[in-house]
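> Pasting a predicted model and its sequence here:
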Amino acid sequence: MPPLVSIEGLSVAFNGVPVLRGVDLKLQKGEALGLVGESGSGKSVTWLAALGLLPRHAQVSGSVRLDGREILGAGEAELDRVRGGRVAMIFQDPASALNPVLTIRRQLCETLALHRGLSGAAVKAEALRLLDLVGIPDAARRLSAYPHEFSGGQVQRIMIAMALAGNPDLLIADEPTTALDATIQAQILELLSSIRREMGMAMVLISHDLGVVAENCDRVAVMYAGRIVEEAPSNQLFADPVHPYAQGLIGALPPLDGPRRRLIAIPGTVPDPASMPDGCAFAPRCALAAEPCRHAAPSLAPVADNRAVACIRAEASRRALLGMAAE
Amino acid sequence: MGRYFAIRIGRAMLTIVLVVTFAFVVLRLSGDPSLMILGPEAPPEVLAAFRKAWGLDDPIWMQYLDYFGAIAKGELGRSMRDGRPAIQLVLERIPATLALTLPAFAFKVALGIPAGIYAALHRGSAIDRAVMTAAVAGFTVPSFVLALLLVLVFAVQLGWLPSGGQDSWRHAILPIATLSLGGAAVLARFTRSAMLEVLGQPYIRTASAKGVPWRKVVTSHALPNAAIPTVTILGFMVGTLIAGAVVVESVFSWPGVGRLLVVAVANRDLAVVQCILLLVALTMVTSNLIVDFLYGFLDPRLRMKGAHA
Amino acid sequence: MSAPLVEVAAISRSYRMRSGMFGRSTAVHAVDGVSLTIPRGETLGLVGESGSGKSTTGRIVLGLEPPDRGEVRFDGKPMAAPATAAWRAQRARMQMIFQDPLGALDRRLPVAAQIREPLDIHGVGMAAEREERVRELLRAVELTPAHGARYPGALSGGQRQRIVLARALATKPDFLVCDEPVSALDVSIQAQVVNLLADLQAQLSLTLLFISHDLRVVRQISNVVAVMYLGRIVELGSADDLFARPEHPYTQALVSASPAPGRRSAGRIVLSGDPPNPAARPQGCAFHPRCPRAVARCATETPILSAVGGDRQVACHLVTGSKPATKPETKAATRDAA
């Protein structure tokens, strides 16, 4: 099956400083892909770049194809049809993601008019249906309200309604629940997955929360310093991470049950994009790093069915893990 | 809502009283009007008669009470120079001043706001840098320097325009230009930074991510938000319509309120000075009230707060 | 066992809050009858969502604001009146760490100078001794003197939080209140700071009040955990036991909202309704409008935090009440999973 989105060699630099250094990623129709990594790893930049949403001074190269059609560097008119129409996005801080001086109705109907060509009574009916779908009570009255009259969780629901307005094939959810309380986070994630199932929509869930990604995604890609370092079906990744960084992320997460153990912290800090180490960007923090790691950056290579990892020490890494498990 | 504005109006009244009181005290402490008007050689009995006629020999607090008593009755006093009602003198001059400040206000807005928006949208471009350089120049060069510069170039060197007076529309060009350029610079800078602030907000990215064409993102998402801070500075400019041309009127010998003020201060023509200051305070305070109303109109968050009352 | 270092007895705190600029003011009960005991050298974790009153509790315990009712005793003595010598002496023994280290540091001063500041304020030792103490503190938080010479802007988030920690430790406090100390940090850095905090606690026999919305981090560092909802403690128990077998429906929902990566939890509990609003506290059990198991009694009668066996205390009619049956099958299921 041809992929819905196919990203190849996507690179982004700001003022000559590379922040995304060659990302390859494929996404099937209806698939839920998780993108994890720490701040600055390039999770969000990947999708902002793909949709042409970065500031003008960003230097973007590579290829992003949607249904086989190149969209990187496409004309504004074509991009405007893709954005919100085929690929919709929701963001981290719902409170600032909606325009404070426009009513919900204006912001919701704007998308409907742009991508569905609706007008008049049809727009309002559809806007009400969407608000109802995302669980905004008393939608008819709330339509004329402004964003500040809603709670954070409700605003995120409205953002989701806006994203759905264009009937997209793909929803990019960029840390959609990070700013929300735990119980509200659970509501939003539940809403996202039920909508996805109903509409057969693909989703990219960008998150720093491994638990959230594990529970909501079929497949996960781990990013580090502007590259994908491991890609695997989500149950396999969390049960058996191969890349030392992926192992580190999982080891650093305190367990909620079972015996308490000292956390396995990854030493050091994420490298500064302006002075990236030669070779593998993770090598300076990696317990398994060997001499060759410091020379050439490893590329993402398959290690099993549906699994790929960018680590020349992947085998050693696997053994180390098996050793640990045997203890 | 009513209470919100009641408080604001009360505060405005207080501002006016303070301005008037301050002017009253300072003027009376800074020189004897009888000497200024009659001259130092005037015989003492004439001076005494003058002081008695104008109530200047009363204690200052009594003069002050008299003054406010008169204001309460709508009496703003008479000019000590020719005995005419001060308000009449001032009102006569207002059209001349407005003939400069109103067109200048229009030019400021027409020039400053689009320049600021353009510069923000093309941040870092050659035009942005040019606008900002011009804005900084317009911001820092005092208006009398700019006025003299314009006179030197267009009146003295080129001889295209008159350097002063009020005989034809051509006389108004240089004063209006002086007023507009400085104001437009302030407005351009302000609009640019308001726009840049708004363009960096997440909701602008949301609009783009929805597929809203950039032109519409700017007009229907960015501008309404950038208008909120810009209105403040516009309100301030409206407040200076009456007395914002003191320097320019003096340089170009334009017989407006500003020049009247300068002459009246020099002569300690108390009633006239106080009348002008009262008028200025009134316009300033009114424009501030208008700004507050506009805020409520432009920003639904403020509107809601008011609605709770 | 010696007496606990910190004893909090039924503290309450309410604020007057106006809705809008000129709206009517209403009383917001931020903290309502909270009692806690923290034994020396142990950590009490305080979890809850925004509006639960956990940060206010932290500030009251630290004496940064007075309770309206109730009392905080530190080392057996009531908190001294603010701005007295006794208060200053007491305050030097207790310190606080916040979520945002950049906000807590002065951007215009090298960080070493900021670690030194409390030593200067409390007049600890001679100048040379203070310098030595700053170096020692930097070592304690696993940084070098070179880091000390930098400005906050030149350090990473994790390093900044270490600096804040070093400064808090400068006066050799016995008690630290940590309010979301690692929430702004990435997970790998978070682990470093949590480990460091645990090490320092062991070395210096620190007593901690650890406030966080992150159940995992709280469990990792706490001996006892208290769960707060709208200003009250709804459940309290030992860290391991509490998260493995949550009794209160709210705790159960919180635990369910922190899925473990790698295994899909069988039944996700999704609470309906909006986040709790402290200005509109529901009658009866404050949680009842969102509780999937609420019964009529929950809407009228406020449940009291009571012991339910072991060291567990729960404020829920369904758990403690005689009539309404708890659901034994859910409990059994969670036990099996653990």
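Nice, I can see it. Numbers count the residues shown, from 1 in each chain, chains lettered A, B, ... in the order given.
> can we go C-alpha only for contacts and neighbour counts from here?
Noted.
> So, low pLDDT: which residues of chain B?
Along chain B, segments meeting pLDDT under 70 span B:1-4, B:303-309.
> Oops, could you answer that again for the stretch 201-338 of chain C instead?
Looking at the stretch 201-338 of chain C by pLDDT under 70, you get C:262-267, C:322-338.
> so where do the strands sit in it?
When secondary structure is read from DSSP state E, counting those that start in this stretch, the stretch 201-338 of chain C shows strands at C:207-212, C:224-229, C:232-238, C:306-307, C:313-314.
> want to throw those strands into JSON lines with distance to chain B and mean neighbour count?
Below are these laid out as JSON lines (distance: least, Cα to the nearest Cα, whole Å; neighbours: other Cα atoms under 10 Å in any protein chain shown):
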{"stretch": "strand C:207-212", "distance to chain B": "27", "mean neighbour count": "25"}
{"stretch": "strand C:224-229", "distance to chain B": "28", "mean neighbour count": "25"}
{"stretch": "strand C:232-238", "distance to chain B": "30", "mean neighbour count": "25"}
{"stretch": "strand C:306-307", "distance to chain B": "41", "mean neighbour count": "16"}
{"stretch": "strand C:313-314", "distance to chain B": "39", "mean neighbour count": "24"}
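> okay, these in JSON lines with distance to chain A next?
Below are those laid out as JSON lines (distance: least, Cα to the nearest Cα, whole Å):
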{"stretch": "strand C:207-212", "distance to chain A": "11"}
{"stretch": "strand C:224-229", "distance to chain A": "12"}
{"stretch": "strand C:232-238", "distance to chain A": "13"}
{"stretch": "strand C:306-307", "distance to chain A": "23"}
{"stretch": "strand C:313-314", "distance to chain A": "19"}
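> So which of those strands is nearest A:L130?
Closest of these to A:L130 is strand C:224-229, at 31.9 Å (criterion: Cα to Cα).
> Just the element for C:V193, please.
Taking DSSP states H and E as the criterion, C:V193 maps to helix C:187-204.
> Which strands or helices does that helix pack on?
Applying 3 or more Cα pairs under 8 Å, 6 or more residues apart in numbering or on different chains; DSSP states H and E, one finds that helix C:187-204 contacts helix A:244-251, helix C:157-169, helix C:215-221.
> what about the last one, near chain A?
If I follow you right, that is helix C:215-221. Yes. For helix C:215-221 and chain A, the contact criterion (Cα under 8 Å from any Cα of the partner chain) is met by C:215-217, C:219-220.
> Tell me what angle the helix holding C:V193 forms with strand C:207-212.
160 degrees (axes from the mean of the first three to the mean of the last three Cα atoms, to 10 degrees).
> Quick check: buried residues in helix C:187-204?
Within helix C:187-204, the residues scored as buried using 16 or more other Cα atoms under 10 Å in any protein chain shown are C:187-198, C:200-201.
> can you put those in JSON lines and add distance to B:V145?
Listed next are these as JSON lines, based on distance: Cα to Cα, whole Å:
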{"residue": "C:V187", "distance to B:V145": "61"}
{"residue": "C:S188", "distance to B:V145": "61"}
{"residue": "C:I189", "distance to B:V145": "59"}
{"residue": "C:Q190", "distance to B:V145": "60"}
{"residue": "C:A191", "distance to B:V145": "64"}
{"residue": "C:Q192", "distance to B:V145": "62"}
{"residue": "C:V193", "distance to B:V145": "61"}
{"residue": "C:V194", "distance to B:V145": "64"}
{"residue": "C:N195", "distance to B:V145": "66"}
{"residue": "C:L196", "distance to B:V145": "64"}
{"residue": "C:L197", "distance to B:V145": "64"}
{"residue": "C:A198", "distance to B:V145": "68"}
{"residue": "C:L200", "distance to B:V145": "67"}
{"residue": "C:Q201", "distance to B:V145": "68"}
